[in-house]
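[1] give me a model of this one.
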Amino acid sequence: MSPPVLDLKGQPALVTGASSGIGLAVAKGLARAGARVAVNYHSDREGGERIARAITDEGGTAIAVGGDVSREEDVERIVAETVAAFGTLHILVANAGLQRDAAFHEMSLDDWRRVIDVNLTGQFLCARAAVREFLRRGREPEVSRALGKIVCISSVHEVIPWAGHVNYAASKGGVMLMMKSLAQEVAEQGIRVNSIAPGAIRTPINREAWETPQAEAALLRLIPYGRVGDPDDIAKAAIWLASDESDYVTGASLFVDGGMTLYPGFRDGG
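    From the prediction side, this is the model:
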């Protein structure tokens with residue numbers, strides 16, 4: 001049997017928070033699979049445009065679209081610019097996110113709201129705009145079996161409590177149930193909604209956790225598989241979830257975490 005072909009040719013995709021880390025890897029991976037990609041950035045215009053040029057230089061098709069996913073008017077414009085450039089939208093990877101960490105009794109309301117606004121409300125706004133475009137366009141069975149595909153980037157902290165990061169963990173728990181509830185609602189219309197829950201990935205947001213040998217050794221105690229993940233590990237999963245090879249998958253959280261959610265503290269009996 002030949003291996004599956006993860007072909008996204010002719011499918012416009014929007015990746016939010018794509019100027020670095022996981023979003024960057026996902027944008028490049030989708031483009032290599034044939035998708036036309038809108039690279040969303042928040043404030044790093046130069047970075048977003050550089051990534052779009054890099055995709056184009058590799059033979060792909062990409063544009064850079066700036067905007068804050070927590071702002072309704074920005075999201076509407078981001079999706080409108082994507083549709084204007086590519087004709088429609090088939091794939092959304094809702095990746096934009098941030099951390100503002102503090103002990104709970106010292107956490108400001110502003111830090112609580114900003115994390116929830118970007119990590120959770122931002123995914124709601126992007127998914128809503130995407131679903132509206134999927135329904136407007138209608139079926140294109142020659143392009144994709146699904147009417148549209150949404151991949152939410154969550155975290156292992158949708159199920160693992162994280163002291164000192166209550167706002168972040170709450171946002172990711174919300175993403176999980178938003179994703180499942182949305183998947184339940186739109187499945188009969190042919191829209192698939194899933195999420196990827198990364199574990200420890202080498203990205204700028206968590207550099208302190210892995211950039212020194214001492215920090216990495218401490219982190220590896222939480223990862224049974226014995227290595228820190230790379231952004232491409234998440235990109236490969238996103239490509240699969242966006243392809244027809246996963247056409248019977250919806251409402252699923254795919255943990256890409258090296259076993260971090262396997263309660264490694266109990267490996268020796270607890």
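
[2] only C-alpha atoms from now on, for both contacts and neighbour counts.
    Will do.

[3] hmm, who's touching the helix or strand containing residue 54?
    Assigned by DSSP states H and E, residue 54 belongs to helix 45-57. Residues outside helix 45-57 that contact it (C-alpha atoms under 8 Å, 6 or more residues apart in numbering): 18-20, 24, 28, 31, 38-41, 61-66.

[4] go with 6 Å
    With contact meaning C-alpha atoms under 6 Å, 6 or more residues apart in numbering, helix 45-57 is reached by 19, 41, 62-64.

[5] and after the helix or strand of the chain with the lowest mean pLDDT, which helix or strand comes next?
    Scoring the helices and strands of the chain by mean pLDDT, DSSP states H and E places helix 213-220 at the bottom, with a mean of 91. Remark: after helix 213-220, the chain's next helix or strand is helix 231-242, criterion DSSP H and E.

[6] related to what we said a few turns ago, now do whichever helix or strand comes after the helix holding residue 54 against helix 45-57, angle only.
    Downstream of helix 45-57, the first helix or strand assigned by DSSP H and E is strand 61-66. Interaxial angle, strand 61-66 versus helix 45-57 (axes from the mean of the first three to the mean of the last three C-alpha atoms, to 10 degrees): 170 degrees.

[7] state the mean pLDDT of strand 61-66.
    What strand 61-66 shows for mean pLDDT is 98.

[8] other SSEs contacting that strand?
    With contacts taken as 3 or more C-alpha pairs under 6 Å, 6 or more residues apart in numbering; DSSP states H and E, strand 61-66 sits against strand 36-41, helix 45-57.

[9] so which of those is the most packed in?
    strand 36-41 (a mean of 30; mean count of other C-alpha atoms under 10 Å).

[10] give me the residues contacting that strand.
    Counting by C-alpha under 6 Å, 6+ apart, 12-19, 48, 61-66 sit against strand 36-41.

[11] quick check, distance from that strand to the centre of its chain.
    With C-alpha atoms, centre = their mean, to the nearest Å as the basis, strand 36-41 stands 13 Å off its chain's centre.

[12] quick one: it to helix 45-57, angle?
    Using the same axes, to 10 degrees, strand 36-41 lies at 160 degrees relative to helix 45-57.
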